[in-house]
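Visitor: Dropping the sequence and predicted coords here.
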Amino acid sequence: MSERLRPGRRLPRTALVSTALAVVGVLALAVVIAVGVTHLGFLREGHRSPFVAWTLIAWTVFAGSVLALRFVPPHLVTRVVLGGAVVVGIAALVGPPNTSTDSARYAWDGIVQHAGVSPYAHTPQSEALAGLRPDWLFPDKVDGTCKPLEPRYRGLGDGALGHCTALNRPDVPTIYPPMAELWFALVRVFVPVTAQYMPFQVAGLLVSLGVTVGLLVVLRRIGRPTWWAALWAWSPLVAAEAVTNSHVDVVGAALATAGAVLVAFGRPIWGGIALGAATATKLIPAIVYPALLGRWRSWWAIPVGIAVFGLLYVPYVLSTGPKVLGYLPGYLSEEGYEDGSRFALVAEVLPGDAATIAVGLIVLVTAVIAWRLSDPANPWSGQVFMIGVTFLAVTPRYPWYALLLIPFVVLSGRWEWLSLTLAIALRGVWPSVVAYRWWLLAAIAVVLVVTLVRTRREDWLRWRDRLLGRSPATRTAAALDQRHGPRDVS
């Protein structure tokens with residue numbers, strides 16, 4: 001079927017209805033997002049039920065809009081996807097961050113770097129940096145207390161002479177790797193110190209739109225319907241975490257996706273550069289690698305990525321020395337990664353250090369399976385499997401981590417893994433470990449059922465052969481032997 005209508009021809013009635021439903025749906029989604037951003041305030045204890053309801057409503061409207069988009073004529077899909085991405089992104093810009101204060105730390109690290117100071121050298125509450133503190137990040141106390149400014153602000157310093165701060169963990173140095181710090185400095189170079197959250201929100205919108213355009217281009221190249229890009233472009237999670245809360249993870253996801261595409265398309269050097277930068281943004285994108293290594297040429301991405309990762313650290317090591325690790329070791333301990341308490345599913349079965357060891361083994365085995373089973377030219381399903389199983393094992397409690405998974409869901413068509421991103425999104429607004437376990441188990445059930453239904457017997461046999469290192473010819477010969485009996489070789 002031609003993707004263009006002949007001059008003078010109208011859209012069929014069903015196509016017209018589908019297009020209208022998709023457009024109305026994405027506009028409704030934008031309204032839901034805008035109302036939530038402007039009316040729910042800042043997430044706090046005792047105020048979580050509205051956020052859960054808002055999340056579920058947004059995801060329901062999102063799912064309906066994407067379903068309608070599937071029946072939009074192909075020649076209109078790209079325009080509808082891009083237009084919807086812009087509308088949803090603008091809706092996410094209409095208010096300040098509402099579930100996280102991380103972008104306040106981003107702004108501070110950028111301000112510090114523009115003053116010629118390493119972000120790893122001092123804590124935000126250090127008096128050495130007192131002269132750099134803008135009022136919007138470090139407001140004065142009200143009647144000697146920060147209570148009237150909670151929950152967005154907290155106390156910094158003792159007594160009436162202290163300040164309040166929008167930064168979380170103001171008593172420790174930054175945790176972010178060097179590519180993230182370069183991003184913070186880059187965004188802040190274009191704005192005055194008085195500029196608040198909007199610069200990172202606009203930057204997050206531009207990056208997320210760039211990912212949308214990139215996904216559309218790749219989908220066309222690999223011959224898959226372009227409506228799949230809406231799973232990223234219209235996602236409530238992308239709107240909330242890439243734009244409203246402007247988490248740097250969107251940069252890591254963008255670089256990881258670009259790197260994976262470049263390696264799969266036979267450009268391992270450029271792909272390695274992008275993947276090294278992604279890992280130096282947030283360490284977790286390193287799990288994208290295994291599914292790419294099915295051919296020897298792609299292995300060049302590993303040394304190149306390691307080299308880029310190391311080179312990005314060099315300026316900060318020269319200025320700060322071993323302090324460049326920042327608060328990362330403390331963060332891992334605080335979040336329960338060291339003692340195993342962080343792992344919502346595994347820790348229910350194995351206590352303490354055994355849980356940490358088990359999670360490490362799960363991730364290692366998953367990496368081997370992803371490496372063995374993935375098609376080097378079409379590794380997206382292997383990457384979804386790798387990222388998804390890692391998240392199920394590690395069970396992150398912050399929804400912005402799930403940004404990494406969505407582009408590979410788009411490229412692979414494994415929509416069932418979006419159930420995991422919804423589970424993580426719900427965990428971000430409702431911090432119940434018991435509820436989180438049920439949401440994760442529900443996501444596992446969805447993934448297993450859909451995988452069993454959609455996978456043919458030939459696929460299972462092909463995967464088995466790849467794991468065992470057997471060629472298709474070997475399996476064919478074995479099948480013939482079974483059918484005709486042993487051959488006479490005398």
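Guide: The structure has been received and is ready for your questions. Numbers count the residues shown, from 1 in each chain.

Visitor: Could you report the neighbour count for Asp249?
Guide: Number of residues near Asp249 (other CB atoms under 10 Å) recorded here: 26. Where C-beta positions appear, they are placed from N, C-alpha and C, glycine not excepted.

Visitor: Against Val86, how distant is it?
Guide: Separation of Asp249 from Val86 (CB to CB, to the nearest Å) stands at 21 Å.

Visitor: List the buried residues for stretch 188-195?
Guide: Across stretch 188-195, burial judged by 16 or more other CB atoms under 10 Å covers Arg188, Val193.

Visitor: Which residue comes closest to Val87 once chain neighbours are left out?
Guide: Closest residue to Val87 apart from its sequence neighbours, by CB to CB, 6 or more residues apart in numbering: Ala30 at 4.7 Å.

Visitor: got it, and Val191?
Guide: Closest residue to Val191 apart from its sequence neighbours, by CB to CB, 6+ apart: Pro199 at 4.7 Å.

Visitor: Spit out the contact partners of Trp400.
Guide: Trp400 makes contact with Ser100, Glu241, Ala242, Asn245, His247, Asp249, Val250, Gly428, according to CB atoms under 8 Å, 6 or more residues apart in numbering.

Visitor: For burial, what's the neighbour tally of the fourth one?
Guide: What that stands for is Asn245. Neighbour count of Asn245, defined by other CB under 10 Å: 27.

Visitor: Surely it is in contact with Thr99?
Guide: Yes. Proximity of Asn245 to Thr99 meets the contact threshold set by CB atoms under 8 Å, at 5.9 Å.

Visitor: What's the separation between Val317 and Val248?
Guide: Val317 is 20 Å from Val248, by CB to CB.

Visitor: Please say which of the two ends up with more neighbours.
Guide: For the pair Val317 and Val248, the greater number of neighbours falls to Val248 (28 against 15), based on other CB under 10 Å.

Visitor: doesn't Ala242 make contact with Gly204?
Guide: Yes. Gly204 lies in contact with Ala242 (CB under 8 Å); the separation is 4.6 Å.

Visitor: tell me, what's touching these two both at once?
Guide: Common neighbours of Gly204 and Ala242, counting by CB under 8 Å, 6+ apart, are Val250.

Visitor: Who has more neighbours out of these two?
Guide: Shown here are Gly204 and Ala242; by other CB under 10 Å, Ala242 has more neighbours (32 against 28).

Visitor: picking that back up, what is the neighbour count of the residue nearest to Val87?
Guide: Ala30 has 22 neighbours, counted by other CB under 10 Å.

Visitor: which helices and strands sit right next to the helix or strand containing it?
Guide: Per DSSP states H and E: Ala30 is located in helix 13-39. Packing partners of helix 13-39 (3 or more CB pairs under 8 Å, 6 or more residues apart in numbering; DSSP states H and E): helix 49-69, helix 74-92.

Visitor: residues touching the residue nearest the centre of the chain, list them.
Guide: Closest residue to the average C-alpha location of the chain: Leu403 at 1.7 Å, with CA atoms, centre = their mean. Going by CB under 8 Å, 6+ apart, Leu403 touches Leu237, Val238, Glu241, Ala242, His247, Asp249, Val250, Gly252, Ala253.

Visitor: tally of neighbours for Val288?
Guide: Close neighbours of Val288, defined as other CB under 10 Å, add up to 32.

Visitor: do the same with the one 3 residues further on
Guide: Residue neighbour count, defined by other CB under 10 Å, stands at 31 for Ala291.

Visitor: just Gly223 next, same as before
Guide: Neighbour count for Gly223, taken as other CB under 10 Å: 6.

Visitor: give me phi/psi at His163?
Guide: His163 has phi and psi values of phi -120, psi 170 when expressed as degrees, to the nearest 10.

Visitor: Tell me if I'm right that it and Pro139 touch.
Guide: Yes. Taking CB under 8 Å as the definition, His163 is a contact partner of Pro139 at 6.9 Å.

Visitor: Can you tell me how far the closest residue to Val433 other than its chain neighbours is from Ala442?
Guide: The shortest distance from Val433 to any non-neighbouring residue, by CB to CB, 6+ apart, is to Ala344 (5.6 Å). Going from Ala344 to Ala442 by CB to CB gives 13 Å.

Visitor: cool, and Pro97?
Guide: 28 Å.

Visitor: With Ile406 instead?
Guide: The spacing between Ile406 and Ala442, counted by CB to CB, is 19 Å.

Visitor: all helices in the stretch 201-350 of the chain, in order from the N-terminus.
Guide: In the stretch 201-350 of the chain, the helices defined using DSSP state H, counting those that start in this stretch lie at 230-233, 236-238, 249-264, 268-279, 301-320, 328-334.

Visitor: and of these, who's closest to Val450?
Guide: Among the helices of the stretch 201-350 of the chain, the nearest to Val450 by CB to CB is helix 230-233 (14.7 Å).

Visitor: So what touches that closest one?
Guide: So helix 230-233 is contacted by 65-66, 69, 81-82, 84-85, 88, 208-209, 211-212, 215, 238, 406-407, 409-410, 415, 418 (CB under 8 Å, 6+ apart).

Visitor: Next, the residue nearest to the centre of the chain: secondary structure please.
Guide: Assigned with DSSP: H, G, I helix; E, B strand; the rest coil, Leu403 falls in the helix class.

Visitor: still on that earlier bit, which of Ile406 and Ala442 has more residues huddled nearby?
Guide: More neighbours surround Ile406 than the other of Ile406 and Ala442, with 25 against 14 (other CB under 10 Å).

Visitor: Tell me the confidence at the more buried one?
Guide: At Ile406, the pLDDT value in this model is 98.

Visitor: Give me the nearest residue to it, chain neighbours excluded.
Guide: Sequence neighbours aside, Trp232 is the residue nearest to Ile406 in space, at 5.1 Å (criterion: CB to CB, 6+ apart).

Visitor: Any idea how many residues pack against that neighbour?
Guide: If you count neighbours by other CB under 10 Å, Trp232 ends up with 26.

Visitor: From Asp109, how far out is it?
Guide: Distance, Trp232 to Asp109, using CB to CB: 27 Å.

Visitor: now swap in Gly336 and tell me
Guide: 25 Å.

Visitor: Show me which of those two is the more surrounded one.
Guide: A direct count of neighbours by other CB under 10 Å for Gly336 and Asp109 places Asp109 higher, at 25 against 16.

Visitor: quick one, phi/psi of the residue nearest to that one when sequence neighbours are not counted?
Guide: In this structure, Asp109 finds its nearest non-sequential neighbour in Pro119, 4.2 Å apart by CB to CB, 6+ apart. Phi and psi for Pro119, reported as degrees, to the nearest 10, are phi -70, psi -10.

Visitor: my guess is Pro119 contacts Val112, does it?
Guide: Yes. At 5.2 Å, Pro119 counts as touching Val112 under the criterion of CB under 8 Å.

Visitor: could I get stretch 132-142 in PDB with only the CA atoms?
Guide: Only the C-alpha atoms of stretch 132-142 are listed here, as PDB (Å, rounded to 0.1, in the frame of the first residue of the first chain):
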ATOM      1  CA  LEU A 132      28.200  30.800  45.300                       C
ATOM      2  CA  ARG A 133      24.800  30.000  46.900                       C
ATOM      3  CA  PRO A 134      21.800  31.500  44.900                       C
ATOM      4  CA  ASP A 135      18.700  32.400  47.000                       C
ATOM      5  CA  TRP A 136      16.500  30.000  45.000                       C
ATOM      6  CA  LEU A 137      18.600  27.000  46.000                       C
ATOM      7  CA  PHE A 138      19.500  28.300  49.500                       C
ATOM      8  CA  PRO A 139      16.700  30.500  50.900                       C
ATOM      9  CA  ASP A 140      16.800  32.100  54.300                       C
ATOM     10  CA  LYS A 141      14.900  30.400  57.100                       C
ATOM     11  CA  VAL A 142      11.500  31.800  58.000                       C
END
